[in-house]
Structure formats: structure tokens, C-alpha cells
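A.B. asks: Test case, fold it:
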Amino acid sequence: MDLNFNKNEDHNKLLLSELKQKFAKVKLGGGEKRIQKLHSEGKMTARERIDYLLDENSKNIEIGGFVGEGMYAEHGGCPSGGVVVKIGYIRGKQCVVVANDATVKAGAWFPITAKKNLRAQEIAMENKLPIIYLVDSAGVYLPLQDEIFPDKEHFGRIFRNNAIMSSMGITQISAVMGSCVAGGAYLPIMSDEALIVDKTGSIFLAGSYLVKAAIGETIDNETLGGATTHCEISGVTDYKAKDDKDALDKIKNIVDKIGDYDKAGYNRIKAEKPALDPKEIYGILPKARNEQYDMMEIIKRMVDNSEFEAYKEGYGQSLITGYARIDGWAVGIVANQRKVVKTAKGEMQFGGVIYSDSADKATRFIANCNQKKIPLVFIQDVTGFMVGSKSEHGGIIKDGAKMVNAVSNSVVPKFTVIVGNSYGAGNYAMCGKAYDPRLIFAWPSAELAVMGGTQAAKVLAQIEASSLKSKGEVVDEAKEAELFAKIKARYDEQVSPYYAASRLWTDAIIDPLDTRTWISMGIEAANHSPILKPFNLGVIQV
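C.D. replies: Down below sits the predicted model:
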């Protein structure tokens, strides 16, 4: 291996180490003291509950682990958005599990908590997966109620989705393992089956203090809405559990009886590991985001047997398109080529840029995958579409629109991996968050923004310098450098993969070596939901 490979490897492993350190902190939720307090009450933490519920030694993936990162500092923070979401297996059946983290503000709902819960429901609805709610929440976080209560994508949408999923035949099971108050009380009751843990679980629209204030009635919370009340008097809940583990065991037994599902029928054969060592990805992926490299070398270390059947290999070379298998599943891959390539006309195409011929090729390939019912995997390291008079006269906008049209109208499941740059319209054409990928996740090396940090900072610094000059201020080279550095620092923070993950623009930041697991489990989930409409591009300008 050359020196450059070793430098890249060191850099990417440092990024991975940072990822693991940050996630270890996130997993503590509200901190050790609050975890100890929960244990003293005879309760398990959200993560302990999920770990116990999922099949031992089975694969699982966590959605939104970094949600809330760096947000709500004035309110004490909200690690993981105060809720843990995983896709995993219960008695061999793939399920979505949502667990309130009571160590974070007693499981109260911040605005980002609602967004994350809605994402979990979206995954269950798209893939027709059973969803399990482990409820332990104080309800809406009142200081931010105006950002979570009334809008379409706010708290109330959760219950609307409960009703829609029920009509779709998607199994929903709730276990009330702590507080379940006010509007949140509707969640378990709108599920198909509801459990409650004796002495620690409670459900009511208003607690004892509010009842006293509202109607003058004196009553304790257990009598008002505890397990005995709801299992023996109101009939609100279906099962009483003696403790957390008993409730989780009951859920396992319920899930164990669920019948088989209608399959979409995506092609899968026996899985094979890549022939080339996936760990070499760390050395291939460059340290600097503007360096060139061969994306095919990354792909070969992600796919079964390192085998890839290229589609239109010599045409539109700034995009790689072709067929492969990942963990046995047949996939169509659309990836940005990051090295400079030479066309048959002798022209040079820059790496990471989408040209007219590349967009045309991708459109045709996406249509082929839809025709053959092959899931699509987009691998992003893109700076955008090619600009300039030659590209404009050649119809780059038209060809880009065709590609966006194909991505938008795809009926096969799409998965997006952001390995490097994800800038501007390139993000859109390569199936960014706005284009409904079933899962979208980033490597620690990813950057998401309208444009790269250096370019954006230069533009913004020039604008600010002009504004200062118009006010009569002196702007010399030192002042311009100061403006640039200040803006660049702010912009760099915003292009970070953690900034994107905290706002759920991506589902996760992962170790590159986990990419196969994410795609495989994603296709397995999508296989629960047969395609119901034909592929139709609508009106496009050819």
C-alpha cells in the first residue's frame, strides 16, 4: 500500500473513532444518575428494553441515534431526541421498535422527538412492518409546545398514523411501562393491543394534581389510571404485566403468532462476502473531499464477490450504473464517479460532477430497474451538475430534470448512502432525503450542503465585505480573511454529517463496514410491501 493510502486510512479511522465516542455518550441518554434512578424504580432503560425484546445476537439497525445532537442546549439537551428507534427481529420477525427514554426530561416530547417518531411510523407504513411502542413519557415538553402541538407534522400526526396503519393491517403493539399522559394516552389505545406494567405504568388524560385543580376530586395516580384500573375496570388495556421483562416477554409471544406477509418478490440468492477486503475502503476514501479516487474500488468492496455488471460503461462516465448483489439481494447501483475520466470525444469529465450524458444514462438505468423490479442503491459523492455555456446549450437542465423525474417516480425501494459530498441539486438527483429513500445514511466522511464550505464561504464573505464597504467601512485583506474564516467555521459546522443527522436529514451515521447490513435489512423490510402501482415517468422532455 502507498503512503497516500495509509494517510487516508488513518484519517478515516480517526473519524470512525470519533463516531464511536460520540455515540457512546449518546447512549447514556440523560446520564448515569438518571439511569440509576430508573433502575431504583424497578425499571429498565429504553435501550435495555429494546435489547431484551430483540432476538439475542440478531442484527439490528438504529434510526436517528444522533437526533437532537447539539440542539436545545438552553433546555438541557435532548440526546437521541429522547426516544430510541431500532429495526430488528422479534422471534425472527422484522419489526420497528420505538422506546421513550425516560432519562431525558422524563421522556417528554421535544419538536425533534415528534419528527423522529413520525419517521419510525413512516418506515413501518412504507414497509408494512409491525411496530412496537414502549411508552414511558411525560408528554409534550411544555416550554416548546408551540413547536410541537398544532401543525401537520407535529404531535397529533402520530395518532392519525396509528389509525391509518390500523386500516392498512399493520400490527401495532404498545406497552405502557411508565407515564402515559394527556394526548399521549391515545397512542397505546389506538394500537391493536396494549399492555401495562403494574405499579409503574399509568394512563390518564389528566394526572391527580390536574384533576384536583379542574374538578376538585382527590385521587391518587394509581387508582386514577394504573394497571388494575385499566385492566379490570376501564378495559383500556389488554394485558397486565408484573414488571418490564414480563411485559416484553408478552410482546414476544404476541409477535410470535403473527402470520406470514405477502412478499414484493425482490430477487435474492445465497449471500457471498466481497472478494476484496472491505476494510480497504478506509484507505481508498481520500482525506480531502476534493481529491479524486475511483468509486468502483469502493463498490467492489461493498458487493457480493466484488462482482459488478456495468451498464453503459463507456457512456456518461461521471456516473457509474450497473447491477450487483448485496448480501444476496439483487440491486441496481447508481454512484458518482470521483475520478477525472476521458470521453470517446477526447473531452475530460470532472469527478463528482453530473454531466448531461451521465444524467441521461442514469434515467435509462433507473427505468430498467423499475421494469425488472430491482431495488436501487444510490452512492453519493457529488458536487452538483456541470455548469457553463457548453452544458447549458447542451440541455443540462433538461437532462437533469429527466433524472430527477425518474428518481421521483421510481416504485422500487431506494436506498441512499452518502460517502462524501452531497451538494446542491446533486443531492436531489442522487435520491436525497426529499426523494423518499427507504433508508438514507451517511459515512463519517459525508458533507451535506448547497455547496462546499470553501466556495460558499468565499461567496458569503464577498457579499458581507461589499455590504461593509457600502457603509463606508474599510475592508482590507486582513478584514476579508477574518470574514472568510468566521463564515467558513460556521458553514463547516452546518455541513457536518452530525448536523444533518441531528435534524434527521439522514437516518444514521455508520461505519462504512456496516453498509451491507443496512442495505440488506432495508431491502428485507421493503420486501414486506408489494409494489402497488406501475412505473410511469409522466411527461418528460426528450
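
A.B. asks: Sketch out the low-pLDDT regions of the stretch 301-450 of the chain for me.
C.D. replies: 393 (pLDDT under 70).

A.B. asks: Can you show me the strands along it?
C.D. replies: 309-310, 319-326, 329-336, 341-342, 348-349, 353-354, 376-382, 384-385, 414-423, 439-442, 447-449 (DSSP state E, counting those that start in this stretch).

A.B. asks: got the angle for the second one vs strand 376-382?
C.D. replies: Put plainly, it is strand 319-326. 140 degrees (axes from the mean of the first three to the mean of the last three C-alpha atoms, to 10 degrees).

A.B. asks: now for strand 319-326, which elements pack on it?
C.D. replies: Strand 319-326 sits against helix 295-299, strand 309-310, strand 329-336, helix 356-371, helix 515-526, with contacts defined as 3 or more C-beta pairs under 8 Å, 6 or more residues apart in numbering; DSSP states H and E. C-betas here are computed from N, CA, C, even on glycine.

A.B. asks: Tabulate the strands of the stretch 301-450 of the chain (TSV), appending mean neighbour count and distance to residue 539.
C.D. replies: TSV is the format used below for the strands of the stretch 301-450 of the chain (neighbours: other C-beta atoms under 10 Å; distance: least, C-beta to C-beta, whole Å):
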stretch	mean neighbour count	distance to residue 539
strand 309-310	12	30
strand 319-326	23	24
strand 329-336	25	23
strand 341-342	14	32
strand 348-349	14	29
strand 353-354	24	22
strand 376-382	26	22
strand 384-385	22	21
strand 414-423	26	22
strand 439-442	26	28
strand 447-449	21	30
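
A.B. asks: and of those strands, who's closest to residue 53?
C.D. replies: Closest approach to residue 53 among those is made by strand 439-442 (21.1 Å; C-beta to C-beta).

A.B. asks: Does anything pack onto the closest one? Which helices or strands?
C.D. replies: Using 3+ C-beta pairs under 8 Å, 6+ apart: strand 439-442 touches strand 414-423, helix 497-502, strand 508-509, helix 515-526.

A.B. asks: Let's verify residue 43: helix, strand, or coil?
C.D. replies: Following DSSP: H, G, I helix; E, B strand; the rest coil, the label given to residue 43 is coil.

A.B. asks: Hmm, it is touching residue 244, no?
C.D. replies: Yes - Residue 43 is within contact range of residue 244, at 6.0 Å (criterion: C-beta atoms under 8 Å).

A.B. asks: between these two, who's got more neighbours?
C.D. replies: residue 244 (24 against 20; other C-beta atoms under 10 Å).

A.B. asks: Tell me which residues touch that one, please.
C.D. replies: 42-44, 49, 52, 177, 197, 200 (C-beta atoms under 8 Å, 6 or more residues apart in numbering).

A.B. asks: Any chance of JSON lines for the helices and strands packed on strand 439-442, columns distance to residue 459?
C.D. replies: As requested, these are arranged in JSON lines below (distance: least, C-beta to C-beta, whole Å):
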{"stretch": "strand 414-423", "distance to residue 459": "13"}
{"stretch": "helix 497-502", "distance to residue 459": "20"}
{"stretch": "strand 508-509", "distance to residue 459": "28"}
{"stretch": "helix 515-526", "distance to residue 459": "34"}
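
A.B. asks: which one of these lies closest to residue 486?
C.D. replies: helix 497-502 (17.5 Å).

A.B. asks: what packs against that closest one?
C.D. replies: strand 439-442, strand 447-449, strand 508-509.

A.B. asks: Just the CA coordinates for it, please, in PDB.
C.D. replies: Once non-C-alpha atoms are left out, helix 497-502 reads as follows in PDB (Å, rounded to 0.1, in the frame of the first residue of the first chain):
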ATOM      1  CA  PRO A 497     -22.800  14.700   9.000                       C
ATOM      2  CA  TYR A 498     -23.700  15.200  12.700                       C
ATOM      3  CA  TYR A 499     -25.500  18.400  11.900                       C
ATOM      4  CA  ALA A 500     -27.600  16.500   9.300                       C
ATOM      5  CA  ALA A 501     -28.200  13.500  11.500                       C
ATOM      6  CA  SER A 502     -29.300  15.700  14.400                       C
END
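
A.B. asks: Renumber starting at 218 from here on
C.D. replies: Right, with 218 as the first residue, what we last looked at is helix 714-719.

A.B. asks: pLDDT on it, on average?
C.D. replies: Helix 714-719 shows an average pLDDT of 96 in the prediction.

A.B. asks: Give me the contact list for that helix.
C.D. replies: By C-beta under 8 Å, 6+ apart, helix 714-719 touches 239, 281-288, 329, 635, 659-665, 710, 723, 725-726.
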